[in-house]
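1. Take a look and give me a structure for this.
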Amino acid sequence: MGAFMSLLAFTLIPTISLLVLSILILILCVYSFILGDFIVKHGIEFKSSKDVTDYIFIEYITAPTDAVIVSSFLGMAAAAVAIVAYTQLKRQGMDMDYNMPRRRFWVGFVIMGALANIGSALAALALHSTSNRNSDAYPGCSVESTETTQSKNSILWCTREKALCDIIQDKIDKMMDDKTNKWAAPQACRVIQATKWMQLLLVLCSLVMIGLFGVQAWKRKKTRYDRVGVLGKSTPYKGTTPYVQSMVSLPMARDL
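-> Numbering: from 1, shown residues only. Predicted structure coming up:
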């Protein structure tokens, strides 16, 4: 009984950690959006040579950050399901045979939610690595350019991480009349990279949660009849012949 209940109680550690991490990632994503979309200027003007002025406008590829938001919401949902499952599985009477479908439902529901969170977190990491496109002038981005004798205009399609961590910071010293990007871009870059690598923590919490719920279900199954004995089996209603027969079969009845 002690080992089984201890394992069930320990499930709260990865569950609460998953919930807190998911909320934190969502908050950081909103903060990075405020910095990257509203404070950092997407248009960059700088002198590439004495007579030529370059104008760059950056558009974001949003799939990686969208995937991070999805994984954080799925993490919160998986944590909420696990908390409800914990409260249900610790109730008295859950060891009885007629509650077997409920036990399986809650353990299975937790595992499915955690697996969904693992899949979304890994997808977010993969999209950060595979969404970059390549060009000769701006590696990791796709470029549309028009040139004249006095200017070169370029539209860059990059992930937020690539734009804020590489493109803008690479041009910071050459920017003309734009001091905002010099503090906001590096900060937004650090936040985006933090949310990316925090996906691994979501995966870890989900795996631990799956392991603890699975092991407690196995321990519960192995020791259930030691705790409840034959009373844990389904018995007919009072007043029926099968009920009388089942009560006679009890050890205390046979000793009378």
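
2. mind checking the SS state of Asn153?
-> When the structure is split into helix, strand and coil by DSSP: H, G, I helix; E, B strand; the rest coil, Asn153 lands in strand.

3. now swap in the one 5 residues further on and tell me
-> The local conformation at Cys158, judged by three-state DSSP, is strand.

4. So Thr11 versus Leu212, what's the distance?
-> Noted for Thr11: a distance of 5 Å to Leu212, by CB to CB, to the nearest Å. (Glycine included, C-beta is placed from N, CA and C.)

5. ok, now Lys41?
-> Here Lys41 is placed at a distance of 48 Å from Leu212 (CB to CB).

6. More neighbours: the two, which one.
-> When Lys41 and Leu212 are compared on other CB atoms under 10 Å, the one with more neighbours turns out to be Leu212, at 21 against 16.

7. Ser17 is in contact with that one, correct?
-> No. Leu212 is not in contact with Ser17 according to CB atoms under 8 Å; the separation is 11.9 Å.

8. who's in contact with Thr65?
-> With contact set as CB atoms under 8 Å, 6 or more residues apart in numbering, Thr65 has these partners: 29, 32-33, 159-160, 192, 195.

9. which one among these gets closest to Tyr60?
-> Looking at the contacts of Thr65 and their distance to Tyr60, the nearest is Arg160, at 5.2 Å (CB to CB).

10. what angle do whichever strand or helix holds Lys222 and strand 151-159 make?
-> Taking DSSP states H and E as the criterion, the element that holds Lys222 is helix 180-228. Inter-element angle recorded for helix 180-228 and strand 151-159: 10 degrees (by axes from the mean of the first three to the mean of the last three CA atoms, to 10 degrees).

11. Check which helices and strands helix 180-228 sits against.
-> For helix 180-228, the elements it packs on are helix 2-10, helix 12-33, helix 63-89, helix 100-130, helix 160-162, helix 168-171, judged by 3 or more CB pairs under 8 Å, 6 or more residues apart in numbering; DSSP states H and E.

12. Out of the ones you listed, the one nearest Lys152 is which?
-> Each of those has some distance to Lys152 by CB to CB; the shortest is helix 168-171, at 13.1 Å.

13. For the closest one, buried residues please.
-> 168, 171 (16 or more other CB atoms under 10 Å).

14. what do you get for stretch 193-203?
-> Within stretch 193-203, the residues scored as buried using 16+ other CB under 10 Å are 195-196, 198-199, 201-203.

15. any low-confidence regions in the stretch 1-150 of the chain?
-> Low-confidence segments of the stretch 1-150 of the chain (pLDDT under 70): 1-2, 4, 46-52, 95, 99, 131-137, 139, 148-150.

16. typo on my end, it should be the stretch 151-256 of the chain
-> Under the criterion pLDDT under 70, the flagged ranges of the stretch 151-256 of the chain are 172-181, 224-256.
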